[in-house]
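>>> coords below, sequence missing:
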């Protein structure tokens with residue numbers, strides 16, 4: 001009787017481990033873009049990612065770089081105080097997007113330009129994503145919004 005309980009316990013553990021491996025595999029296959037990494041402009045300048053990698057970049061929109069082109073194409077540069085990365089985006093920008101404001105973009109770094117597929121801006125006059133705040137603090141250029 002004791003051997004049967006021990007064998008059953010081992011079977012349950014093996015089955016639970018196999019189910020966990022299968023569920024992680026299904027998650028990875030179903031949502032590969034859900035595992036996007038955040039990078040600051042300094043990190044992108046130091047070690048440029050391959051053109052096939054989708055990631056997020058965040059920082060401040062550099063003053064004097066926002067150019068609205070023909071149609072919906074917009075170019076600007078994003079900075080964290082240590083490096084400046086040019087960005088190209090085709091689409092409609094958020095209402096609170098502007099020069100000197102915080103932003104996070106999702107896309108690929110191709111031929112020295114970040115090709116954004118999505119641009120996020122802060123949702124009120126004081127909010128900034130924590131990743132952007134951390135990157136700006138590392139560079140020593142972060143300023144508290146209330147002072």
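Structure's in. What do you need? A quick note: this is a predicted structure, and the numbers were derived from the prediction, not measured.
>>> where does the protein have its least confident helix or strand?
helix 130-139 (a mean of 74; mean pLDDT, DSSP states H and E).
>>> Would you mind stating the distance between residue 108 and residue 49?
8 Å (CB to CB, to the nearest Å). C-betas here are computed from N, CA, C, even on glycine.
>>> what residues are shared contacts of the two?
residue 55 (CB atoms under 8 Å, 6 or more residues apart in numbering).
>>> Next, the buried residues of the least confident helix or strand of the chain.
Of all the residues in helix 130-139, those buried under the rule 16 or more other CB atoms under 10 Å are 131, 132, 135, 136, 139.
>>> chain center to that helix, what's the gap?
13 Å (CA atoms, centre = their mean, to the nearest Å).
>>> and which of the buried residues of helix 130-139 is nearest residue 119?
For those, the residue nearest residue 119 by CB to CB is residue 132; the value is 13.0 Å.
>>> separation between residue 92 and residue 111?
25 Å.
>>> higher neighbour count, the two?
residue 92 (10 against 7; other CB atoms under 10 Å).
>>> count of neighbours near the nearest residue to residue 117 once chain neighbours are set aside?
Distances taken as CB to CB, 6 or more residues apart in numbering place residue 107 nearest to residue 117, at 4.7 Å, with adjacent residues excluded. Using other CB under 10 Å, residue 107 is surrounded by 21 other residues.
>>> Next: residue 87.
Close neighbours of residue 87, defined as other CB under 10 Å, add up to 26.
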